[in-house]
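A.B. asks: Got a sequence here, can you model it:
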Amino acid sequence: MFAERLERARKAAGLSMNALANEVGLSANAIKKYEHGTAMPSSSNLLKLAKALDVRTEYFFRPTKVKLEGVEYRKRASTPKKVLDRINGDVLEQAERWQELLELYPDSVKPIPEFTLPNELPEQITSIEQVEDLAIQMRHAWDLGLNPIHDMIDTLEAKGVMIITTDVETDKKFDGLAGKIGSTPVVVISTAQSGDRQRFTLAHELGHLVVHGRLVEALDEEKACNTFAGAFLLPTQTLIEHLGEKRRHIEPRELLMLKHEYGISMLAALFRAGQCGIITPATQKNLFMLFSKNGWRTEEPGKAYPHESTYLHKQLVYRALGEEYIGESKAAELLGMSVSSFHKERKLEVPIQSQLALEAKGAAASN
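C.D. replies: Residues are numbered from 1 along each chain as shown. Below you'll find the model as predicted:
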C-alpha cells in the first residue's frame with residue numbers, strides 16, 4: 001500500500017527518485033527501498049515526504065480502491081513520459097475520491113446513472129457513412145435533436161460517463177484520455193485546451209464507447225471516432241442548412257460563427273464542409289492553405305470558445321453532506337480542501353483577503 005502510493009505521488013509530482021531524495025535529504029537508494037516495499041520511513045521522514053509531495057500523511061496509507069483500466073491517451077507524439085506519469089497520478093487521485101464518494105451513498109440511492117447504449121445501434125459498421133448515421137442515432141436516442149449541444153460535459157455526465165479535468169499539463173501536449181473504472185466509462189480532458197478542443201475530445205471519446213467492437217477491420221477506429229465527433233457536434237443536415245448544399249467558397253467568418261454556435265473549431269467545421277460534400281477537395285485545400293498562412297492551425301482568430309467545467313463531483317459531495325451521509329471533515333477531504341476552507345465555502349462566507357480588498361476599495365471610493 002505505502003510503496004505503491006509513494007511511487008504514484010512521486011510521479012504525480014514529476015520527480016525522479018534522485019530529485020525526491022534531494023528534496024527530503026535522503027539517498028535515492030532509500031527512496032528506492034520505500035517504493036519496493038523493503039523498508040519504511042521513520043515518522044519524521046514520512047512527514048518530509050508528505051510535504052515534498054504535497055499530500056497528507058494519511059494519503060500513503062489509504063487503501064487503493066481504483067484501477068483505471070483500458071487507458072488510451074489522446075496525446076501528441078512529443079508528450080514526455082514524465083508528463084503522462086503526472087497526469088496519470090492526478091487522474092487516479094481524483095478517481096479515488098470519486099469512487100469513495102459514490103460508495104458513501106446508500107445502496108438505495110444511485111447518484112449517477114449506469115452508462116448504456118441504445119439497443120437499436122447496428123452490430124456492424126462497414127463504412128464511414130454509417131459512422132455519421134450512428135452519431136445522429138445517438139443524438140436522437142438522447143433527445144438532443146440537431147440543435148447545438150451547449151454543454152458536452154453535462155450531457156455525458158447525465159448519461160453515466162465520469163468526466164475528470166486535469167491541469168497538470170499546460171503546454172498543450174495532451175488532449176485527454178479514456179478508460180474505465182469497473183463498468184463506468186471515464187474521460188479525462190485537459191484544462192489547458194481550448195473549449196472547442198475539449199468538446200471535440202469528449203465527442204471523440206464517446207465515439208470510442210459507441211463504435212468499439214462494431215467496426216469492420218478495414219475501418220480505422222481513430223479516424224472513425226474523429227468522424228463521429230464531427231458529426232455529433234455538427235450534423236450534416238445542420239451544416240447544409242447553414243452553408244447550403246454546394247459552395248464555391250466559404251468565408252472564414254462563416255466558420256467562426258459556426259464555431260461559437262456549435263462549439264466546434266473552425267478547422268473541424270472546415271473538415272466537416274468537405275466531408276459533407278459542400279465544398280470540393282480543391283476548395284478545401286485552398287482554405288487549409290489560408291489557415292496555415294495565417295497561423296490559424298495553431299491559434300484560431302476571434303474570441304476563444306469558453307472552457308467546459310464539471311461540477312457534478314462537488315454537487316454530490318454537498319448532497320451527501322446535506323443528507324448526512326458524511327460530515328464536514330469527510331466532505332473537505334473528498335474535495336481536497338482544508339476543513340477551515342471548506343467550512344467558509346459551505347457557509348458562503350467571503351474569504352478574509354477578499355473581504356479586506358472589498359473594504360479597501362470602498363474606502364478609496366469614499367475619499
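A.B. asks: From here on, just use CA atoms for contacts and neighbour counts.
C.D. replies: Will do.
A.B. asks: Break down the protein into its strands, ranges please.
C.D. replies: 69-75, 162-166, 174-181, 184-190 (DSSP state E).
A.B. asks: Can you check which of these gets nearest to Glu114?
C.D. replies: Closest of the strands of the chain to Glu114 is strand 184-190, at 7.3 Å (criterion: C-alpha to C-alpha).
A.B. asks: so Glu35 touches Leu6, yeah?
C.D. replies: Yes. If you go by C-alpha atoms under 8 Å, Glu35 and Leu6 touch, sitting 6.3 Å apart.
A.B. asks: and the residue nearest the centre of the chain, bridged to which residues?
C.D. replies: Note on the chain: the residue nearest the mean C-alpha position is Ile189, at 2.2 Å, using C-alpha atoms, centre = their mean. Bridge pairing for Ile189 (DSSP bridges) gives the partners Thr165, Gly176.
A.B. asks: Domain-wise, how is the protein divided?
C.D. replies: 1-64, 67-233+306-336, 340-367 (automatic domain parsing).
A.B. asks: ok, of those, where does mean pLDDT dip lowest?
C.D. replies: Among these, domain 340-367 has the lowest mean pLDDT, at a mean of 67.
A.B. asks: circling back to that earlier point, just put the domains of the chain in JSON lines and tack on distance to Thr280.
C.D. replies: Shown next, in JSON lines, are these (distance: least, C-alpha to C-alpha, whole Å):
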{"stretch": "domain 1-64", "distance to Thr280": "47"}
{"stretch": "domain 67-233+306-336", "distance to Thr280": "18"}
{"stretch": "domain 340-367", "distance to Thr280": "55"}
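A.B. asks: so Asp85 touches Glu7, yeah?
C.D. replies: No. Between Asp85 and Glu7 there is no contact under C-alpha under 8 Å: 10.2 Å.
A.B. asks: on that earlier part again, Ile326: which of the strands of the chain is closest?
C.D. replies: strand 162-166 (21.3 Å).
A.B. asks: And the closest one, what does it pack against?
C.D. replies: helix 81-104, helix 152-157, strand 184-190 (3 or more C-alpha pairs under 8 Å, 6 or more residues apart in numbering; DSSP states H and E).
A.B. asks: hmm, try it at 6 Å
C.D. replies: strand 184-190 (3 or more C-alpha pairs under 6 Å, 6 or more residues apart in numbering; DSSP states H and E).
A.B. asks: Any chance you could list what contacts the strand it packs on?
C.D. replies: 161-166, 175-180 (C-alpha atoms under 6 Å, 6 or more residues apart in numbering).
A.B. asks: Those residues, buried ones only, as a ChimeraX selection?
C.D. replies: Per 16 or more other C-alpha atoms under 10 Å, the buried members of the contacts of strand 184-190 correspond to this ChimeraX selection:
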select :161,162,163,164,165,166,175,176,177,178,179,180
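A.B. asks: Specify which member of the contacts of strand 184-190 is nearest to Leu101.
C.D. replies: Distances from Leu101 to the contacts of strand 184-190, taken by C-alpha to C-alpha, are shortest for Met162, at 12.8 Å.
A.B. asks: which residues touch that closest one?
C.D. replies: Neighbours of Met162 in contact, by C-alpha under 6 Å, 6+ apart: Val186.
A.B. asks: sorry, back to before: the domains of the chain: which one's closest to Ile240?
C.D. replies: With C-alpha to C-alpha, the closest approach to Ile240 among the domains of the chain belongs to domain 67-233+306-336: 12.0 Å.
A.B. asks: Now the terminal residues of that closest one, how far apart.
C.D. replies: One end of domain 67-233+306-336 to the other measures 20 Å (C-alpha to C-alpha, to the nearest Å).
A.B. asks: if we can go back for a sec, turn the contacts of strand 184-190 into JSON lines, including distance to Ile240.
C.D. replies: Listed next are the contacts of strand 184-190 as JSON lines, based on distance: C-alpha to C-alpha, whole Å:
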{"residue": "Val161", "distance to Ile240": "31"}
{"residue": "Met162", "distance to Ile240": "33"}
{"residue": "Ile163", "distance to Ile240": "32"}
{"residue": "Ile164", "distance to Ile240": "34"}
{"residue": "Thr165", "distance to Ile240": "34"}
{"residue": "Thr166", "distance to Ile240": "36"}
{"residue": "Asp175", "distance to Ile240": "29"}
{"residue": "Gly176", "distance to Ile240": "30"}
{"residue": "Leu177", "distance to Ile240": "32"}
{"residue": "Ala178", "distance to Ile240": "32"}
{"residue": "Gly179", "distance to Ile240": "35"}
{"residue": "Lys180", "distance to Ile240": "37"}
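A.B. asks: Quick one: distance of stretch 185-200 to the chain centre.
C.D. replies: 5 Å (C-alpha atoms, centre = their mean, to the nearest Å).
A.B. asks: How about stretch 315-331?
C.D. replies: The answer for stretch 315-331 is 24 Å, by C-alpha atoms, centre = their mean.
A.B. asks: For it, which outside residues touch it?
C.D. replies: Val339.
A.B. asks: Relative to Cys276, which of the contacts of strand 184-190 is nearest.
C.D. replies: Asp175 (25.8 Å).
A.B. asks: how near is Thr152 to Ala304?
C.D. replies: Slight slip there: residue 152 is Met, not Thr. 17 Å.
A.B. asks: And the two? Which one has more around it.
C.D. replies: Met152 (20 against 14; other C-alpha atoms under 10 Å).
A.B. asks: Switch the strands of the chain over to a markdown table; also include distance to Arg272.
C.D. replies: Shown next, in a markdown table, are those (distance: least, C-alpha to C-alpha, whole Å):
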| stretch | distance to Arg272 |
| --- | --- |
| strand 69-75 | 21 |
| strand 162-166 | 26 |
| strand 174-181 | 20 |
| strand 184-190 | 23 |
